[in-house]
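1. Kindly generate the corresponding structure for this input.
(2 chains)
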Amino acid sequence: ETGVTQTPRHLVMGMTNKKSLKCEQHLGHNAMYWYKQSAKKPLELMFVYNFKEQTENNSVPSRFSPECPNSSHLFLHLHTLQPEDSALYLCASSQEREGNEQFFGPGTRLTVL
Amino acid sequence: SQKIEQNSEALNIQEGKTATLTCNYTNYSPAYLQWYRQDPGRGPVFLLLIRENEKEKRKERLKVTFDTTLKQSLFHITASQPADSATYLCALGPNNAGNMLTFGGGTRLMVKP
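-> Below is the predicted model of the structure:
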């Protein structure tokens, strides 16, 4: 266990559905991240929150909407997704300091039908 | 544009041998480089950090080198074991004191008994 939990672990949704992914960290970190990992592609950084403020939105489509209510929780709200959005979505946390290692959750395997 | 290359083909070696994985980058001047291990269905786990002013770093059976002239990092596992079989990711950190990483696609290592 890395101290970062994600729910659900698996999610199947239709293109018209609305769902949310949840991430929680118990490490006292002040930075949290969402990554997308597709087959045969590198990890893609989607969003970064430092001290609960979004500091990076890596050209992510608006059908993905992040929310960070406090430094321990991070959500990714999903709506009207496309089949190509099917991937492993990973949450990570770290101290907001240059060079600090990131601790990853186990990921949510998302399938969009 | 920035590019990070790791050998996408799996590396197969015999137990007891030294595994050497390569991470090459272009159009980038990272302040540091990290290596992560990822097992199937799980999030990456941090292994080592090496900074731009360091040539080599060791941790138990792991050794990382960083050559900013060649724009290359080598990751070595000595006395490899079947339990070392996993995908290894390199990640580059920015030189603007930020905490955002750019990941390579990873190399899968298979250690045969």
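
2. Assumed residue A:16 was part of a strand.
-> No: counting by DSSP: H, G, I helix; E, B strand; the rest coil, residue A:16 is not part of a strand but coil.

3. Now it. Nearest residue, chain neighbours left out?
-> residue A:80 (6.6 Å; CB to CB, 6 or more residues apart in numbering or on different chains). Where C-beta positions appear, they are placed from N, C-alpha and C, glycine not excepted.

4. wait, what's in contact with residue A:39?
-> The contact partners of residue A:39, by CB atoms under 8 Å, 6 or more residues apart in numbering or on different chains, come to residue A:87.

5. Pull up the pairing partners for the helix or strand containing residue A:93, direction included.
-> Residue A:93 belongs to strand A:87-94 when assigned by DSSP states H and E. As defined by DSSP bridges, the strand partners of strand A:87-94 come to strand A:31-37 (antiparallel), strand A:103-104 (antiparallel), strand A:108-112 (antiparallel).

6. Turn those into a markdown table, columns for mean pLDDT and mean neighbour count.
-> Below are the strands paired with strand A:87-94 laid out as a markdown table (pLDDT from 0 to 100; neighbours: other CB atoms under 10 Å in any protein chain shown):
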| stretch | mean pLDDT | mean neighbour count |
| --- | --- | --- |
| strand A:31-37 | 95 | 23 |
| strand A:103-104 | 96 | 22 |
| strand A:108-112 | 96 | 18 |
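
7. can you put the ones you listed in JSON lines and add distance to residue B:77?
-> Output for those, formatted as JSON lines (distance: least, CB to CB, whole Å):
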{"stretch": "strand A:31-37", "distance to residue B:77": "23"}
{"stretch": "strand A:103-104", "distance to residue B:77": "21"}
{"stretch": "strand A:108-112", "distance to residue B:77": "28"}
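
8. and the most centrally placed residue in chain A, what is it in contact with?
-> Most central in chain A under CA atoms, centre = their mean is residue A:34, positioned 3.0 Å from the mean C-alpha point. Residues near residue A:34 by CB under 8 Å, 6+ apart: A:23, A:45-47, A:66, A:74, A:76, A:89-91.

9. Name the residues linked to it by a beta bridge.
-> With DSSP bridges applied, residue A:34 shows beta-bridge pairing to residue A:47, residue A:91.

10. excluding its backbone neighbours, what's nearest residue 26?
-> Going with chain A. residue A:3 is the one closest to residue A:26 (CB to CB, 6+ apart), at 4.9 Å.

11. Can you look at chain B instead?
-> Nearest to residue B:26 is residue B:3, by CB to CB, 6+ apart, at 4.7 Å.

12. What's the local residue count around the one you found?
-> Neighbour count for residue B:3, taken as other CB atoms under 10 Å in any protein chain shown: 12.

13. Tell me the confidence at it?
-> Looking at residue B:3, its pLDDT is 86.

14. what about it, distance to chain A?
-> To chain A, residue B:3 is 10 Å away according to CB to the nearest CB, to the nearest Å.

15. Let me see the contact set for that residue.
-> Contacts of residue B:3 (CB under 8 Å, 6+ apart): B:25-28.

16. Just put those residues in TSV and tack on distance to residue B:71 and neighbour count.
-> Formatted as TSV, the contacts of residue B:3 follow (distance: CB to CB, whole Å; neighbours: other CB atoms under 10 Å in any protein chain shown):
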residue	distance to residue B:71	neighbour count
B:25	5	22
B:26	6	10
B:27	9	9
B:28	7	14
